[in-house]
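**Student:** Take this sequence and fold it.
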Amino acid sequence: MRRQRRAKIVATVGPASASPDMLEALFVAGADTFRLNFSHGSHEDHARVHTAIRDLEARVRRPIGILQDLQGPKIRIGAIAGGKIAIAPGQKLRFVLSKDPGGVDTIPLPHPEIFAAVMPGQDLLIDDGRVRVRVIRPGREEIEAEVVTGAVLSDRKGVNIPGAVLDLSPLTPKDRADLAFGLELNVDWIALSFVQRPGDLIEARGLIGDRAGLVAKIEKPSAVEKFDDIVRLADAVMVARGDLGVEIPHEEVPGRQKEIVRACRLAAKPVIVATQMLESMTSAPTPTRAEASDVATAIYDGADAVMLSAESASGAYPREAVEMMNRIISSTERHKLYRSIVNAADPGEEQSAPHAVAAAAADLAEAIGAPVIVAFTSGGTTAARITRKRPSLPILAITPEAATARRLSLTWGVHACLSEDVHSYEEMVDRATAMALSEEFAQRGQAIVVVAGVPFGASGTTNNLRVVQIA
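**Tutor:** Below is the predicted model:
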């Protein structure tokens with residue numbers, strides 16, 4: 001099975017899509033990577049889904065990526081007597097460091113790191129910003145604040161503190177248990193939620209090692225400020241626009257999205273644009289025109305992948321949502337302006353021999369009208385360097401590693417295939433031509449461009465470029 005598009009689709013699995021039949025339907029409709037959201041569901045639930053995906057992978061004989069999304073630290077107010085209270089602008093509130101139920105006079109906030117971090121004049125956003133309060137007097141165990149935007153406030157709503165860097169690890173005890181379980185399952189990617197600083201990734205890497213790719217979710221202003229360091233430490237990035245859009249002004253989100261996508265492309269790291277992409281399809285069979293435009297914008301920006309959340313996890317139309325996203329991506333990539341827009345966003349060349357060889361391969365393939373670029377890659381680096389150029393032709397990645405093939409299901413323009421490693425130039429040419437023919441990327445008589453690293457099998461060595469005529 002071969003996709004007729006370059007950008008990839010990540011589909012979140014949930015109650016609406018966890019059955020083997022629906023997982024297959026979503027894959028056929030266009031899903032390339034499945035996201036397991038560990039904010040919901042038991043280990044047993046996720047294990048069943050993982051098994052079903054791997055069984056599907058064996059049947060369709062195509063690598064399928066699995067992304068484990070860790071919940072991260074959830075900062076919430078505590079319980080409120082009666083379940084909810086109505087608050088109005090100008091009203092004074094007191095937040096107390098307590099786990100006991102509270103009310104309008106004492107709202108419990110059982111997170112000492114907030115009391116240590118907030119400053120006078122700083123805003124607390126509650127319930128995704130529906131309630132905004134401004135700190136008047138902070139303290140070690142009590143915060144006095146004034147309501148800026150009022151609403152009905154109910155139990156255990158989330159709290160965001162824009163601009164504050166909290167003294168907490170992105171890995172809670174629950175996350176550590178979930179991470180250990182995900183590594184036992186051999187998931188391909190692990191997404192780290194609420195990254196604040198580069199050290200958060202170092203902490204996670206110490207636990208993960210090289211057993212899975214590490215995705216940094218960008219949903220905090222502090223992560224945006226430290227993004228250059230974060231992208232160097234991550235294997236991929238997710239623009240998690242939900243929480244990010246709560247903590248920074250809405251009008252800044254589109255520009256930040258473009259900056260992050262461009263930086264990831266420069267670093268040759270996959271980037272996923274996520275949250276509310278086809279949100280209305282959780283309950284409607286078609287998206288709004290604005291949502292279709294939002295998906296298309298991410299594709300014009302050059303994103304490697306776009307993601308469905310509730311649409312495929314709990315919505316009424318999971319298959320239709322994947323089909324719609326597939327259609328939007330395909331239509332956008334066929335548009336007459338697509339190529340010029342993507343080329344205009346080229347971040348330029350990184351000054352290194354491997355990147356230069358990869359870029360030359362893309363330029364050469366387009367100049368001679370090759371139907372495909374064949375990349376031999378053990379860890380995925382060679383394929384990533386080529387895709388950085390966003391060439392107009394597909395990239396056939398040949399790898400001996402199943403884990404690499406699965407991770408490449410997140411990378412723009414790459415069709416990954418498993419094959420035994422090669423050990424000589426002659427074997428490389430024979431394997432490249434055979435795979436290009438069998439995967440229906442090329443025909444006899446055509447010239448293809450082949451990229452590899454020598455010595456063969458050594459990760460990260462992109463140093464060999466050849467033009468091969470298929471006899």
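**Student:** Count residues in the vicinity of L410, would you?
**Tutor:** Counted with other CB atoms under 10 Å, the neighbours of L410 add up to 26. No exception for glycine: its C-beta is placed from N, CA and C like everyone else's.
**Student:** Go ahead and confirm it touches D32.
**Tutor:** Yes - contact criterion CB atoms under 8 Å: L410 and D32 qualify, at 7.2 Å.
**Student:** anything in contact with each of these two?
**Tutor:** 8, 10, 65, 305 (CB atoms under 8 Å, 6 or more residues apart in numbering).
**Student:** just for the stretch 251-400 of the chain, where's the confidence low?
**Tutor:** Low-confidence segments of the stretch 251-400 of the chain (pLDDT under 70): 349-350.
**Student:** what about the strands in it?
**Tutor:** 271-274, 305-308, 373-376, 395-399 (DSSP state E, counting those that start in this stretch).
**Student:** Redo those as a markdown table? Include distance to T461 and mean neighbour count.
**Tutor:** Listed next are the strands of the stretch 251-400 of the chain as a markdown table, based on distance: least, CB to CB, whole Å; neighbours: other CB atoms under 10 Å:
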| stretch | distance to T461 | mean neighbour count |
| --- | --- | --- |
| strand 271-274 | 25 | 27 |
| strand 305-308 | 27 | 26 |
| strand 373-376 | 10 | 30 |
| strand 395-399 | 14 | 27 |
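**Student:** Of all these, which one comes closest to G103?
**Tutor:** strand 271-274 (36.6 Å; CB to CB).
**Student:** just checking, what packs against that closest one?
**Tutor:** Here strand 271-274 touches strand 236-240, helix 241-247, helix 253-267, strand 305-308, going by 3 or more CB pairs under 8 Å, 6 or more residues apart in numbering; DSSP states H and E.
**Student:** Mind listing the strands the shortest one pairs with, and their directions?
**Tutor:** The one in question is strand 305-308. strand 8-13 (parallel), strand 271-274 (parallel) (DSSP bridges).
**Student:** Now do it: everything it contacts.
**Tutor:** Under CB under 8 Å, 6+ apart, the answer for strand 305-308 is 7-12, 32-33, 35, 238, 270-275, 277-278, 295, 298-299, 318, 321-322, 325, 329, 410, 412.
**Student:** circling back to that earlier point, quick one, which of the strands paired with strand 305-308 gets closest to D421.
**Tutor:** Of all those, strand 8-13 comes closest under CB to CB, at 25.4 Å.
**Student:** downstream neighbour of the closest one in the secondary structure list?
**Tutor:** Next helix or strand after strand 8-13 toward the C-terminus (DSSP states H and E): helix 20-29.
**Student:** Paired strands for the helix or strand that comes right after that following helix, with orientation please.
**Tutor:** Toward the C-terminus, helix 20-29 is succeeded by strand 33-37 as the next helix or strand (DSSP H and E). Partner strands and pairing direction for strand 33-37 (DSSP bridges) are strand 8-13 (parallel), strand 65-69 (parallel).
**Student:** how about CSV for those, with mean pLDDT added?
**Tutor:** As requested, the strands paired with strand 33-37 are exported to CSV (pLDDT from 0 to 100):
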stretch, mean pLDDT
strand 8-13, 98
strand 65-69, 98
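**Student:** any chance of those in a markdown table, plus mean neighbour count and distance to L168?
**Tutor:** As requested, these are exported to a markdown table (neighbours: other CB atoms under 10 Å; distance: least, CB to CB, whole Å):
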| stretch | mean neighbour count | distance to L168 |
| --- | --- | --- |
| strand 8-13 | 27 | 25 |
| strand 65-69 | 27 | 19 |
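**Student:** Looking at the ones you listed, which is nearest to I448?
**Tutor:** So among those, strand 8-13 is nearest, using CB to CB, at 22.8 Å.
**Student:** got a list of contacts for that closest one?
**Tutor:** Against strand 8-13 from outside (CB under 8 Å, 6+ apart): 17, 23, 26, 30-37, 49, 67, 69, 272, 274, 304-313, 318, 322, 325-326, 329, 409-412.
**Student:** for stretch 18-26, same thing?
**Tutor:** Identification of contacts with stretch 18-26 by CB under 8 Å, 6+ apart yields 11, 13, 16-17, 34, 45, 48-49, 52-53, 55-56, 59-60, 312, 318-319, 322.
**Student:** how close does P63 get to A416?
**Tutor:** According to CB to CB, to the nearest Å, P63 stands 5 Å off from A416.
**Student:** just I230 next, same as before
**Tutor:** As judged by CB to CB, I230 and A416 stand 26 Å apart.
**Student:** Please apply the same query to G213.
**Tutor:** The value you get for G213 to A416, if CB to CB is used, is 14 Å.
**Student:** Turn the strands paired with strand 33-37 into TSV, including distance to V135.
**Tutor:** Listed next are the strands paired with strand 33-37 as TSV, based on distance: least, CB to CB, whole Å:
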stretch	distance to V135
strand 8-13	35
strand 65-69	31
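**Student:** hang on, S17 packs against S309?
**Tutor:** No - between S17 and S309 there is no contact under CB under 8 Å: 11.4 Å.
**Student:** which ones are touching I329?
**Tutor:** 5, 7, 9, 295, 299, 306.
**Student:** cutoff 6 Å now
**Tutor:** Contacts for I329 (CB atoms under 6 Å, 6 or more residues apart in numbering) come out as 5, 7, 299.
**Student:** got it, and C264?
**Tutor:** C264 touches 237, 271, counting by CB under 6 Å, 6+ apart.
**Student:** How about V148?
**Tutor:** By CB under 6 Å, 6+ apart, the neighbours of V148 are 132, 134.
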